[in-house]
Each structure stands twice: as structure tokens, then as C-alpha cells.
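> turn this into a structure:
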Amino acid sequence: MQRPRKGYHSYLLRIWHSTGSRRLHIRLEEIGTDHNRNFADLDALHRYLRAQMDDEDKPPSSGEHGR
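Reported below is the predicted structural model:
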């Protein structure tokens, strides 16, 4: 699939508990790609999203032509 334009991210976030368990499941699916990530907790999800936005703020290094 084609990657969305730089600076724009669209995700589907799924959060659920296992049957009979209090364990939280977190899955982030990037729309327009086949990229999916699972997270152990909400803090890990937040760190990932923050890192994605921080990467967008950095100027490209020489030889880098986008994603």
C-alpha cells in the first residue's frame, strides 16, 4: 500500500481486555499501510506516538529522501 504523505498519520487504535482477565491489549494499525504494532501498556503507546511525532520534526539527514 502507498504510504501517506509525510507529516500526516492516520491510525486505528484497538484496546480490549482478555476474557476473564484484566490484562489490557493495545494494537495500533497505521491506515494506508500494513504496519501494525502491539503495546504492553498505554505508556508504551504514548512513547511510540511521541517518537513518531519527534521524528517528523527532525530535518532529513543527507541522502534521506522521505519514507
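
> just the element for residue 25, please.
strand 24-30 (DSSP states H and E).

> what distance separates that strand from the centre of its chain?
9 Å (CA atoms, centre = their mean, to the nearest Å).

> mean confidence for it?
Averaging pLDDT along strand 24-30 yields 96.

> buried residues in that strand?
26, 28, 30 (16 or more other CB atoms under 10 Å). For every residue, glycine as well, the C-beta is placed using N, CA and C.

> in what element of secondary structure is the nearest residue to residue 27 once chain neighbours are set aside found?
Spatial nearest neighbour of residue 27, excluding adjacent residues (CB to CB, 6 or more residues apart in numbering): residue 14 at 4.5 Å. Element membership of residue 14, judged by DSSP H and E, is strand 11-17.

> and that strand, what other elements does it pack with?
The contact analysis (3 or more CB pairs under 8 Å, 6 or more residues apart in numbering; DSSP states H and E) places strand 11-17 against strand 24-30.

> who does the strand it packs on pair up with?
In the sheet, strand 24-30 lines up against strand 11-17 (antiparallel), strand 36-39 (antiparallel) (DSSP bridges).

> please identify the most buried of those.
Highest mean neighbour count of the strands paired with strand 24-30: strand 36-39, a mean of 14 (counted as mean count of other CB atoms under 10 Å).

> only alpha carbons, please: show that strand as CSV.
Presented in CSV, the C-alpha positions along strand 36-39 are these (Å, rounded to 0.1, in the frame of the first residue of the first chain):
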residue,chain,number,x,y,z
ASN,A,36,0.6,-2.9,13.0
ARG,A,37,2.1,-2.6,16.5
ASN,A,38,1.1,-4.1,19.8
PHE,A,39,1.9,-2.4,23.1
